[in-house]
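> Dropping a prediction and its sequence here:
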Amino acid sequence: MEKTRKSARRRGRAVTIDEVAALAGVSPMTVSRVVNGHGKVRDSTRERVMRAVRELDYTPNLAASSLAAAQHTRIALIYTNPSGAYLRELLVGLLRAASRTAIQLVIDYWDDLDVEAERKAARTLARKVAGVILPPPLCDSKTAVMELVRANVPVVAIASGRFSEEISCVRIDDFRASKEITEHLIAKGHTRIGYINGRPDLSASVRRFEGFQAALDEAGIALERGLVQQGDYTYRSGLKAAERLLSQRRPQTAIFAGNDDMAAAAISVAHRRGLDVPRDLSVVGFDDTSAATTVWPELTTIHQPIASMADAAIDILLRSIRRKDRSTRVLVDHVVPYRLVSRGSVAPPLPAGRQPKGG
């Protein structure tokens, strides 16, 4: 199969549906059903076909009418996330999917809308697009979800902490990921760990904090409320939270921030106070955005494949949009794998008698 892929590219011709079928181990008819969103196909088979499509960079040779329909399929991303690094990752995935599927991608920015304004914006958008992608924090907006579902517009949430009973979702297991990175700190010898929480109204924030708590509980470490500070996923909120943590009389040996932006801010505060990271203070983040590798030292973090999640969200939306029977909604809970990325921001704590005071 590897030889088939290389020879197709070497000859400079388009990859065929037969080659996709061979790589996925299915019939060309099954590939056609998956790509065009027609007919019933098992989820496991669909995922296998879509992996082959992405690996071979396959572009379906649609009939003119089908191609015209795809070019007029408008899918909206509603965005209000304050993290520029997160937005870049998200757009990479969406633009890649838009190029592959010939859809029209619409970016709608909702900034500080109250409930009524959000309701009106959702109603207006529902009349203009065939599907909607909701990344954080709007993935947990009951108002937006309710209006779009009521308008019978397919919706996929990206990076929600839990599967919704109303819309499809592409996510990681935030609880397990958070628990794993906390266990990583504990295994290094850290028992006094500060935590910078994300927005409390987001399910992902809740699940990440629950994972942090679970790791402490299993290790027999009591949770000190003073070591938990509130942020909102912005760099500035991370600065304020880290200042509060590092101003305490009894210093932490590690800080776990709910995203990379806040973790980068914590490193900045540590440096300003004369602390060496990771010798005096270990810091970990979450998401593995560009912010994780533009700070020194680079962050140990949880890699959330944001671009791939956006690509998968487009595939789920297109299958829903192309379903002939729209009288019932088919919801998908697509949980993608994460991984812990170990970089230079974590080390064992100093011996008790050599703990830094900060400044």
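Okay, I see it.

> Identify the residues contacting stretch 179-188?
193, 211-212, 214-216, 218-219, 221, 254, 256, 282, 284, 286, 300-302, 340, 342, 346-349 (Cβ atoms under 8 Å, 6 or more residues apart in numbering). In this view, the C-beta of every residue, glycine as well, is placed from N, C-alpha and C.

> switch the cut-off to 6 Å
Outside stretch 179-188, the residues that touch it by Cβ atoms under 6 Å, 6 or more residues apart in numbering are 193, 211-212, 214-215, 219, 254, 284, 302, 340, 348.

> now that stretch: mean pLDDT?
Averaged over stretch 179-188, pLDDT sits at 98.

> how about it: buried residues?
Residues 179-186, 188 are the ones in stretch 179-188 that count as buried (16 or more other Cβ atoms under 10 Å).

> picking up where we left off before, if any of the contacts of stretch 179-188 are buried, give me the PyMOL selection for them.
For the buried members of those, the matching PyMOL selection, counting by 16+ other Cβ under 10 Å, is:
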select buried, resi 193+211+212+214+215+254+284+302
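
> got any ranges where the stretch 201-350 of the chain has weak pLDDT?
For the stretch 201-350 of the chain, the stretches flagged by pLDDT under 70 are 324-329.

> hmm, try it at 80
322-330 (pLDDT under 80).

> returning to that earlier point: out of the buried residues of stretch 179-188, list just those in helices.
Judged by DSSP state H, these include 179-186 as members of helices.

> CA atoms of the lengthiest helix in the chain as CSV?
Determined from DSSP H, the single longest helix within the chain is helix 84-101. Listed next in CSV are the C-alpha coordinates belonging to helix 84-101 (Å, rounded to 0.1, in the frame of the first residue of the first chain):
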residue,chain,number,x,y,z
GLY,A,84,-4.4,33.7,19.5
ALA,A,85,-2.3,30.5,19.6
TYR,A,86,-5.4,28.3,19.9
LEU,A,87,-7.1,30.2,17.0
ARG,A,88,-4.1,29.6,14.7
GLU,A,89,-4.2,25.9,15.3
LEU,A,90,-7.9,25.8,14.8
LEU,A,91,-7.8,27.7,11.5
VAL,A,92,-5.0,25.5,10.1
GLY,A,93,-7.3,22.5,10.5
LEU,A,94,-10.4,24.2,9.1
LEU,A,95,-8.6,25.7,6.1
ARG,A,96,-7.1,22.3,5.3
ALA,A,97,-10.5,20.7,5.5
ALA,A,98,-12.1,23.5,3.4
SER,A,99,-9.5,23.0,0.7
ARG,A,100,-10.0,19.2,0.7
THR,A,101,-13.8,19.3,0.6
